[in-house]
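1. I would like the atomic coordinates for the input below:
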Amino acid sequence: MNRRRNNSIAANPILIGGVTVLVTIVAVFLSYNANHGLPFVPTYSVDVVVPNSAGLIAGNEVRIGGDRVGMVRKITGFARADGTTGARMELALEDKSDHLPVDSTVAIRPKSPLGLKYLVINRGKATRTIPQGGTITAPREPVRPVDIDDWFNTYDEPTREGSADNLLEYGTAFAGRGGDINSALRDLNPALEHAGPALENLNATATKLDKLFPALAQSAAEVAPIAGIQGQLFTNLAQTFKAFSDNTSALEAAIAGGPVALDTATRELPAQAEFTDETTELFRRLKRPLRSFANASVDLAPALRAGVPALRNSPQLNERLVDTLNVVDGFVNDERVLPLLTRLTRTSDLLDPLVSYVTPAQTTCNYVSLLLRNVGSMLSESDVVGSMLRATPMLNPQVAGSEVGPSDVPANSPPDLKDQAGKGDSILRSNPYPNTASPGQTRECEAGNEILNYPKGLSIGNVPGDQGTVVDKTTRPENVK
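-> Numbering: from 1, shown residues only. Down below sits the predicted model:
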């Protein structure tokens with residue numbers, strides 16, 4: 001019996017000690033890794049990206065609706081491409097819990113006043129869920145409540161020292177001034193009574209006070225790039241104010257004259273309002289002419305350049321015009337001028353039909369210039385300019401009705417003589433009033449352009465057909481001055 005009892009497991013102290021050590025090692029291992037999850041327990045892993053872990057550490061709890069569903073396994077920081085930073089948290093959730101909807105949100109909440117925190121998951125309502133290893137991304141600027149540790153951190157050592165200094169200075173300032181403070185509070189009541197309506201006006205919708213500070217912020221953002229220039233501006237202003245401080249007497253005199261100037265402006269500016277309004281209307285009406293003037297400036301500039309020398313010479317011309325105007329004045333005041341002008345007017349009225357009839361003969365047919373040219377050439381001697389007048393007798397046969405000798409009928413040679421050489425030109429062809437494009441006539445230069453295909457026999461009057469307006473041109477020789 002004793003031999004059997006000695007061979008049992010409980011009777012072996014070495015085995016009992018080994019089992020005890022093994023159990024202790026396993027217990028220590030499990031307790032050490034309890035914050036990282038128990039081994040052989042399935043988990044649902046989800047990553048959470050937040051702007052700031054806010055004091056959360058690895059091993060803190062993860063809760064949904066107040067129940068613990070997992071823990072924070074690991075927290076790592078990272079930097080984004082835009083320079084901002086964030087924190088990525090690896091969560092180990094119980095696999096028995098349902099997978100989270102994709103619209104789930106997270107929040108970091110305090111667990112105790114000592115600063116311990118936990119992660120809260122607010123389940124969404126989406127049907128699609130986050131897969132194993134998926135990510136929940138929190139907004140970069142979430143609505144974060146103020147925790148108790150934030151309140152405690154407000155009064156850090158610099159803040160406490162500043163508060164102590166403020167209490168000391170304010171205590172020194174108010175010491176012995178109780179009566180003055182009472183008087184100030186008494187006088188403050190009327191100010192507060194008037195401040196109510198003033199604040200109501202400021203708070204009215206028409207004042208748009210809510211847009212004031214955004215506008216100031218926008219203005220500050222616009223002037224931020226020139227902060228260095230503005231700094232230099234204040235430096236220059238410091239020099240200016242220093243100059244003012246060095247000459248206080250002149251500054252005092254200028255300030256003393258300010259009320260007088262304001263009184264004068266108050267009295268005179270309303271009287272100038274009408275002038276200002278009329279000037280405004282004048283410039284409004286001048287907008288379009290000035291715009292047209294700007295478009296015409298390209299043509300006006302050469303005219304002005306040419307006009308400057310003329311204006312410089314205009315005084316001499318003005319002096320010479322005095323004598324001329326005196327002569328003109330004497331001419332106008334002469335009692336013989338008016339009857340003369342009356343007769344000239346009548347003469348012009350009489351000549352007007354003649355001139356109107358003769359003018360096309362020159363302007364269209366150039367007959368006057370051709371006549372003068374031919375007469376000048378005819379009366380000149382034989383030289384390079386022209387030739388002398390020459391006369392040649394033309395002898396036609398004297399037959400009945402011919403142009404030679406007396407005749408009782410117009411020249412009209414017999415038919416048997418029309419085809420004989422030198423004897424067939426005894427037919428009267430006369431055009432005493434050729435068309436010269438005058439009023440009532442055909443627009444043609446008929447004189448000197450008649451065609452030779454006259455009808456057979458007698459022909460008196462205008463030539464049939466349009467002879468055109470092509471005539472010789474008269475030009476002035478280049479060497480004649």
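
2. And Glu274, how far from Glu281?
-> Going from Glu274 to Glu281 by C-beta to C-beta, to the nearest Å gives 11 Å. Glycine gets a C-beta too; all of them are placed from N, C-alpha and C.

3. List the residues that are in contact with both of these two.
-> Shared contacts of Glu274 and Glu281, defined by C-beta atoms under 8 Å, 6 or more residues apart in numbering, are not found at any residue.

4. Now the lengthiest helix in the chain: average pLDDT?
-> In the chain, ranked by residue count with DSSP state H as the criterion, the top helix is helix 248-295. The pLDDT scores in helix 248-295 average 87.

5. for that helix, the distance to its chain's centre please.
-> Distance of helix 248-295 from its chain centroid, counting by C-alpha atoms, centre = their mean, to the nearest Å, is 29 Å.

6. Beyond that helix, next helix or strand please.
-> The C-terminal neighbour of helix 248-295 among helices and strands, as given by DSSP states H and E, is helix 297-333.

7. give me the element Val120 is part of.
-> Val120 is part of strand 117-122, with elements assigned from DSSP H and E.

8. For that strand, C-alpha coordinates in PDB please.
-> What follows is strand 117-122 as a C-alpha-only set of coordinates in PDB (Å, rounded to 0.1, in the frame of the first residue of the first chain):
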ATOM      1  CA  LYS A 117     -10.800  58.000 -21.400                       C
ATOM      2  CA  TYR A 118     -12.500  55.600 -23.700                       C
ATOM      3  CA  LEU A 119     -13.700  55.500 -27.300                       C
ATOM      4  CA  VAL A 120     -17.400  55.700 -28.100                       C
ATOM      5  CA  ILE A 121     -18.800  54.300 -31.400                       C
ATOM      6  CA  ASN A 122     -22.200  55.600 -32.500                       C
END
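
9. any residues touching that strand, and which ones?
-> Outside of strand 117-122, the residues within contact range by C-beta under 8 Å, 6+ apart are 48, 54-56, 60-64, 69, 72, 89, 91, 100, 104-111, 136, 147.

10. how about low-confidence regions in this structure?
-> Low-confidence regions of the chain, defined by pLDDT under 70, span residues 1-12, 14-19, 21, 26-41, 96-98, 113-115, 140-150, 379-427, 452-458, 476-481.

11. Swap in 80 and give it another go.
-> Along the chain, segments meeting pLDDT under 80 span 1-43, 54-55, 95-98, 111-115, 138-155, 375-430, 450-460, 463-465, 475-481.

12. hey, where'd the helices end up in it?
-> Taking DSSP H, the helices of the chain run over residues 2-6, 13-32, 148-154, 157-174, 178-203, 212-223, 227-246, 248-295, 297-333, 337-363, 367-379, 415-418.

13. Kindly reformat those helices as a markdown table containing mean neighbour count and distance to Lys117.
-> Supplementary listing: the helices of the chain in a markdown table, determined by neighbours: other C-beta atoms under 10 Å; distance: least, C-beta to C-beta, whole Å:
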| stretch | mean neighbour count | distance to Lys117 |
| --- | --- | --- |
| helix 2-6 | 8 | 58 |
| helix 13-32 | 10 | 22 |
| helix 148-154 | 12 | 9 |
| helix 157-174 | 10 | 23 |
| helix 178-203 | 10 | 41 |
| helix 212-223 | 10 | 34 |
| helix 227-246 | 10 | 40 |
| helix 248-295 | 10 | 63 |
| helix 297-333 | 10 | 77 |
| helix 337-363 | 11 | 112 |
| helix 367-379 | 13 | 118 |
| helix 415-418 | 13 | 142 |
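
14. In CSV: the ones you listed, plus distance to Val471.
-> Supplementary listing: those in CSV, determined by distance: least, C-beta to C-beta, whole Å:
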stretch, distance to Val471
helix 2-6, 165
helix 13-32, 130
helix 148-154, 112
helix 157-174, 113
helix 178-203, 94
helix 212-223, 80
helix 227-246, 82
helix 248-295, 45
helix 297-333, 39
helix 337-363, 10
helix 367-379, 7
helix 415-418, 31
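
15. so which of the ones you listed comes closest to Asp472?
-> When those are compared by C-beta to C-beta, helix 367-379 sits nearest Asp472, at 6.1 Å.

16. Got the domain ranges for the protein?
-> Domain segmentation of the chain under automatic domain parsing yields 33-149, 231-271, 352-382+425-474.

17. okay, now Thr137: neighbour count?
-> When neighbours are defined as other C-beta atoms under 10 Å, Thr137 has 13 of them.

18. looking at the helices of the chain, which is closest to Thr85?
-> Distances from Thr85 to each of the helices of the chain were compared using C-beta to C-beta; the shortest belongs to helix 148-154, at 19.3 Å.

19. Mind putting the domains of the chain into JSON lines with distance to Ala164?
-> As requested, these are exported to JSON lines (distance: least, C-beta to C-beta, whole Å):
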{"stretch": "domain 33-149", "distance to Ala164": "23"}
{"stretch": "domain 231-271", "distance to Ala164": "33"}
{"stretch": "domain 352-382+425-474", "distance to Ala164": "113"}
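
20. nearest to Gly307, of these?
-> Gly307 lies closest to domain 352-382+425-474 among the domains of the chain, at 34.8 Å (C-beta to C-beta).

21. hmm, back to that, are any of the contacts of strand 117-122 buried, and which?
-> Listed as buried from the contacts of strand 117-122 are 48, 54, 56, 60-64, 69, 72, 89, 91, 100, 104-108, 110, 136, 147; burial here means 16 or more other C-beta atoms under 10 Å.

22. mind listing which of those are in strands?
-> With strands taken from DSSP state E, the overlap with these comprises 48, 61-64, 69, 72, 89, 91, 105-108, 110, 136.

23. Pick out the most distant pair among those.
-> Of all pairs drawn from these, the greatest distance, 20.6 Å, lies between Pro110 and Ile136 (C-beta to C-beta).

24. before we move on, the earlier item: give me the buried positions along the strand holding Val120.
-> With burial defined by 16+ other C-beta under 10 Å, the residues of strand 117-122 counted as buried are Lys117, Tyr118, Leu119, Val120, Ile121.

25. Next, the angle strand 105-110 makes with it.
-> Here strand 117-122 runs at an angle of 150 degrees relative to strand 105-110 (axes from the mean of the first three to the mean of the last three C-alpha atoms, to 10 degrees).

26. Each with direction, which strands does strand 117-122 pair with?
-> Strand 117-122 has the following sheet partners, assigned by DSSP bridges: strand 61-64 (parallel), strand 105-110 (antiparallel).

27. which residues are contacting the last one?
-> Read that as strand 105-110. The set of residues that contact strand 105-110 without belonging to it, under C-beta under 8 Å, 6+ apart, is 48, 50, 53-56, 116-122, 124, 136, 138, 142, 147-149.

28. Stretch 299-316 too?
-> Residues outside stretch 299-316 that contact it (C-beta under 8 Å, 6+ apart) are Phe293.

29. if we can go back for a sec, of all the strands paired with strand 117-122, which one comes closest to Leu202?
-> Taking C-beta to C-beta as the measure, these were each checked against Leu202, and strand 105-110 came out nearest at 37.8 Å.
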